[in-house]
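Enquirer: need a structure here:
(2 chains)
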Amino acid sequence: MTTRRPDRADIEAALAQIAAVSEYDLKIKAHLEAVLSREAVATDALNTAERQLFSVLPVAVSSEDALAKAIREGAVTASAKLVAALREQALARLAIDNPAYSSYRKYR
Amino acid sequence: MSEEPSGKAHNPLEILLKRLLPADARFLGEQKITAGAGAQTSRLQIVFQEGRRDWILRRAFDTADAGFGGVISKTLEAATLRAVYGAGIAVPQVIYVLNENDGLGEGFIMTALAGETLPQKILRDAQFAAALPEMASQCGGILAAIHNIDSGSLPALPQRSTADYLALYYRAYTAYNQPMPVFELCFRQLQETMPPAVAPALVHGDFRNGNFIVGAEGIRAVLDWELAHIGDPMEDLGWLCVNAWRFGRIDKPVGGFGERESLYSAYETAGGTAVEVSRVAWWELFGCLKWGVICMYQLQLHLNGSDPSLERVAIGRRISECELDMLELLEQGLLQ
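Expert: Okay, the predicted model is just below:
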């Protein structure tokens, strides 16, 4: 069992296959369509944030998965620099996922 | 009651209601309310002789991991509701607990109480404006009363030490096989700073804006006891302050409507134990993480096909909100 961040294909498949019948569903459909629109123009910023994150690490890792495992194994520990780089990545994701979120608006 | 011309009810719910309702009552229909993480809830619209008075049907999901994250059975939730109702806590009254002969799965029927539950409306609508400044204190009073309930009057709820609870969510997280740096940092921080054990008490487990019935005078009742357990009572105070439950009012840490000081002082005045601010902060960080893992769970229901809804896939993109909130709290911990 693997749960990953739902990508464009997951969202497009859901929008194509699941009928939005209630007012609530229609609201979620509009929200997901807006996510995809923002993603189409903001992917570069997300990639930049990820490269920046990997550049501040004390060990060489090239994927988020590897970084997570390095933290689990204790090869990478919490530091102000790491937290700041992870925050930039989270903000780049939120610029796509939900720029109205309160914590995001505190920074952008 | 909706019936065939012969007067015969024709589905399990109608058959049950025919048995439970007086002969002169009419069942108008069932309206789905939510499909949360741990229950499917619907409103049973009923006209009694004296007027309209609805009931609420809460049923368990029929999935293999229905007990995700410590969700108790609906039968146990009903027994808990009855016990806390008996202890004077404002909650809906349980009318009937389903059994296998009813053909409706596991669940119960309770009274529907008047008032608003939608957090955005509670925080925005003018009719609640006068109540909002008092609600943090009200929460303190209600929580003190819940935490002081004599455990002997309660059904056999799960006992969760803080370490067990953290381990429960770590197992759920690792089962999804998607290691994420912020989650890893958070689990590590929580493990390393875990507060020592305290005298256990009844913990609601999901005490937050969104699970209150609110009227113009403030909180009328507390809903959704599906995460109830015996554990550290400070969990409820921390969870109430998680940013996700402030619904945009980030400057009002208690549910988007109040201040921590109001919550803590009302809690202590009403007979709660002395509030340890650092312990509440630990539980707030745990709460952000817990919500993140619940988002993963709900996304998984979409990805594995057991509930392929738009809502479940959308929640998968809310994990970034949890990450930012966890980082905020982690940083506060690092800077201390």
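Enquirer: Going along the chain, name the helices of the chain.
Expert: Unless you meant another one, I'm taking chain A. Assigned by DSSP state H, chain A shows helices spanning A:8-17, A:23-55, A:64-72, A:80-97, A:102-107.
Enquirer: try chain B instead
Expert: Ranges of helices within chain B are B:12-20, B:74-86, B:119-124, B:132-147, B:162-175, B:181-192, B:234-240, B:260-269, B:277-303, B:310-315, B:319-335, based on DSSP H.
Enquirer: what's the closest of the helices of chain A to B:S306?
Expert: Nearest of the helices of chain A to B:S306, taken as CB to CB: helix A:8-17 at 14.0 Å. Yep, even glycine has a C-beta here, placed from its N, CA and C like the rest.
Enquirer: any weak-confidence spans in chain A?
Expert: Scanning chain A for pLDDT under 70 picks out A:1-3.
Enquirer: Which residue would be the closest one in it to chain B?
Expert: Across chain A, no residue is closer to chain B than A:A68, which sits at 3.3 Å (CB to the nearest CB).
Enquirer: which residues does that residue contact?
Expert: Contacts for A:A68 (CB atoms under 8 Å, 6 or more residues apart in numbering or on different chains) come out as B:P179, B:M180, B:P181, B:F183, B:E184.
Enquirer: and with 10 Å instead?
Expert: Counting by CB atoms under 10 Å, 6 or more residues apart in numbering or on different chains, A:A68 touches A:V61, A:V76, B:Q178, B:P179, B:M180, B:P181, B:V182, B:F183, B:E184, B:L185.
Enquirer: nearest spatial neighbour of it, skipping sequence neighbours?
Expert: Nearest residue to A:A68 in three dimensions, chain neighbours excluded: B:P179, at 3.3 Å (CB to CB, 6 or more residues apart in numbering or on different chains).
Enquirer: Equivalent analysis for B:A25, please.
Expert: Spatial nearest neighbour of B:A25, excluding adjacent residues (CB to CB, 6+ apart): B:F48 at 4.9 Å.
Enquirer: That neighbour and B:L104, how far apart?
Expert: Between B:F48 and B:L104 the computed distance is 22 Å (CB to CB, to the nearest Å).
Enquirer: which one of those two has more residues nearby?
Expert: The residue with more neighbours, out of B:F48 and B:L104, is B:L104; 17 against 13, by other CB atoms under 10 Å in any protein chain shown.
Enquirer: any idea how far that one is from B:G115?
Expert: 26 Å.
Enquirer: before we move on, what about B:I56?
Expert: From B:I56 to B:G115 the distance is 13 Å (CB to CB).
Enquirer: For burial, what's the neighbour tally of the closest residue to B:S73 other than its chain neighbours?
Expert: With CB to CB, 6+ apart as the criterion, B:S73 has its nearest non-adjacent residue at 6.2 Å, and that residue is B:E106. Using other CB under 10 Å, B:E106 is surrounded by 22 other residues.
Enquirer: residues contacting B:E106?
Expert: Residues near B:E106 by CB under 10 Å, 6+ apart: B:39, B:58-62, B:66, B:73-78, B:97-100.
Enquirer: Quick check: phi and psi at the residue of the stretch 151-300 of chain B found nearest chain A.
Expert: Nearest residue of the stretch 151-300 of chain B to chain A: B:P179, at 3.3 Å (CB to the nearest CB). Torsion angles at B:P179 (phi, psi; degrees, to the nearest 10) stand at phi -60, psi 130.
Enquirer: burial measure for it, as a count.
Expert: 18.
Enquirer: same check, this time on B:E184
Expert: Counted by other CB under 10 Å, the residues lying close to B:E184 total 20.
Enquirer: Spatially, what comes nearest to it if we skip its sequence neighbours?
Expert: Here the residue nearest B:E184, using CB to CB, 6+ apart, is A:I71, at 3.9 Å.
Enquirer: Most tightly packed of the helices of chain B?
Expert: helix B:234-240 (a mean of 26; mean count of other CB atoms under 10 Å in any protein chain shown).
Enquirer: What helices and strands are in contact with the lowest-mean-pLDDT helix or strand in chain B?
Expert: The weakest-scoring helix or strand in chain B, judged by mean pLDDT, DSSP states H and E, is strand B:26-35 (a mean of 86). When contacts are defined as 3 or more CB pairs under 10 Å, 6 or more residues apart in numbering or on different chains; DSSP states H and E, strand B:26-35 sits against helix B:12-20, strand B:40-48, strand B:55-59, helix B:310-315.
Enquirer: What are the phi and psi values at B:N11?
Expert: Torsion angles at B:N11 (phi, psi; degrees, to the nearest 10) stand at phi -140, psi 160.
Enquirer: Go ahead and confirm it touches B:D102.
Expert: No - the pair B:N11 and B:D102 does not pass the contact test of CB atoms under 10 Å, sitting 11.1 Å apart.
Enquirer: neighbour count winner among those two?
Expert: Shown here are B:N11 and B:D102; by other CB under 10 Å, B:D102 has more neighbours (16 against 12).
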